[in-house]
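Undergrad: predicted model, plus sequence, below.
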Amino acid sequence: MKGLPSHQVTKSPEIILALDVNNLARAKYFVNKLYPKIKIFKVGLELFTACGPKIIDFIQKKGAGVFLDLKFHDIPNTMAAAAKKALQYKVAMLTVHTLAGPEALKAVVRVCSGSKTKVLGVTILTSICAHFLKDLQIKRSLGEEVLYLAKMARRCGLDGVVCSPDETKAIRGALGKNFLIVTPGIRPQFTAAGDQKRIATPALATKAGSNFLVIGRPVLEAKDPLFILQKIVDSIRQIK
Ligand code: C5P
């Protein structure tokens, strides 16, 4: 899968597995176990640092898509150059931090235009709560700040944003059905929050209008990952 299916808000969101493991063998284990139930695997900082593009190649040969979540946050020239390299891997999605600012975001969009890779802007991490903004003396509320960054992302030409389920409804309302919304911080009722602060169940995130739910530990740490995944899929299917 190179590009992404065009998602409508009315469609069920697709589950992306966050492959947050520290070696190739473990990553392959989960891909083998969960594909084709999972069709997009997220390769983040830990795994990419551990094994580089080998894991991308493995996932794609299997037939699945790759979400390269390296959250680029640097000067415009460096971000654009890194995005150009990422395009060589033909990943379905990549992430940049919106806080890198409009010039950097536009530089990445320019480099990625004409490719099938979707560029997503991370707004405020789901592990961050309201106190953090206060400490930084940001006057806007968390919801306002995330919406502000999402609007900026759209103005700069990004395909969508990463935000928590809490802000999804407002972003969907303000930016329409064609703007991609990817939500981590997904926790089925029976699992632990861990370091995530702004969390919601798969059902709530679906109702709010997410296109993609990113799920890591609830599946990776489960005794039976396939069983948990099926429970999550069932809970989403019940949403009308
Ligand atoms: O294990 P868990 O389900 O919390 O994993 C969430 C994944 O989503 C992690 O890989 C994390 O890096 C990523 N993520 C996030 N919050 C963001 C952006 C990405 O939790 N705002």
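TA: Looks like it arrived, so ask away.
Undergrad: only C-alpha atoms for contact and neighbour calcs from this point on.
TA: Noted.
Undergrad: mind listing what's buried in stretch 96-116?
TA: Neighbour-count burial for stretch 96-116, counted by 16 or more other CA atoms under 10 Å, picks out 96-102, 104-112.
Undergrad: adjacent strands (with direction) for the lengthiest strand in the chain?
TA: Counting by DSSP state E, the longest strand found in the chain is strand 65-72. Sheet pairing of strand 65-72 (DSSP bridges) gives strand 40-44 (parallel), strand 93-97 (parallel).
Undergrad: okay if I get the ones you listed as a markdown table plus mean pLDDT and distance to the ligand?
TA: Listed next are these as a markdown table, based on pLDDT from 0 to 100; distance: least, CA to the nearest ligand atom, whole Å:
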| stretch | mean pLDDT | distance to the ligand |
| --- | --- | --- |
| strand 40-44 | 98 | 6 |
| strand 93-97 | 98 | 9 |
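Undergrad: returning to what we had before: just the buried residues of stretch 96-116 now: which is nearest residue 226?
TA: Nearest to residue 226 among those, counting by CA to CA, is residue 96 at 30.4 Å.
Undergrad: listing request: residues of the protein with sub-threshold pLDDT.
TA: 1-10, 240 (pLDDT under 70).
Undergrad: which bits of it sit near the ligand?
TA: 18, 20, 122, 124-126, 162-163, 184-186, 196, 214-217 (CA under 6 Å from any ligand atom).
Undergrad: neighbour-wise, give me the winner out of these.
TA: Highest neighbour count within the residues of the chain next to the ligand: residue 162, with 29 neighbours (other CA atoms under 10 Å).
Undergrad: my read: it touches residue 119, true?
TA: No. Contact criterion CA atoms under 8 Å: residue 162 and residue 119 do not qualify, at 10.3 Å.
Undergrad: okay, buried residues for the next helix or strand after the longest strand of the chain please.
TA: Following strand 65-72 in sequence order, the next helix or strand is helix 76-87 (DSSP states H and E). By 16+ other CA under 10 Å, the buried positions in helix 76-87 come out as 76, 79-80, 82-83, 86-87.
Undergrad: please, where are all the helices along this structure?
TA: 24-34, 45-51, 54-62, 76-87, 102-112, 130-135, 142-155, 165-175, 202-208, 217-220, 225-237 (DSSP state H).
Undergrad: to residue 13, which of the ones you listed lies closest?
TA: Closest among the helices of the chain, once you apply CA to CA, is helix 202-208, at 6.4 Å.
Undergrad: C-alpha coordinates for the closest one, CSV please?
TA: What follows is helix 202-208 as a C-alpha-only set of coordinates in CSV (Å, rounded to 0.1, in the frame of the first residue of the first chain):
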residue,chain,number,x,y,z
PRO,A,202,-11.7,3.7,20.4
ALA,A,203,-15.4,4.3,20.3
LEU,A,204,-15.2,7.9,21.5
ALA,A,205,-12.4,8.7,19.1
THR,A,206,-14.5,7.2,16.3
LYS,A,207,-17.5,9.3,17.2
ALA,A,208,-15.4,12.4,17.4
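Undergrad: name the residues that touch it?
TA: Applying CA atoms under 8 Å, 6 or more residues apart in numbering, the contact partners of helix 202-208 are 12-13, 165, 168-169, 183, 186-188, 213, 232, 235-236, 239.
Undergrad: and the two most separated of these?
TA: Going by CA to CA, the pair spanning the contacts of helix 202-208 furthest: 169 and 232, at 20.4 Å.
Undergrad: run a quick neighbour tally on the nearest residue to residue 168 once chain neighbours are set aside.
TA: Counting by CA to CA, 6 or more residues apart in numbering, residue 168 lies nearest to residue 208, which is 5.7 Å off, once chain neighbours are set aside. The tally of other residues near residue 208 (other CA under 10 Å) stands at 19.
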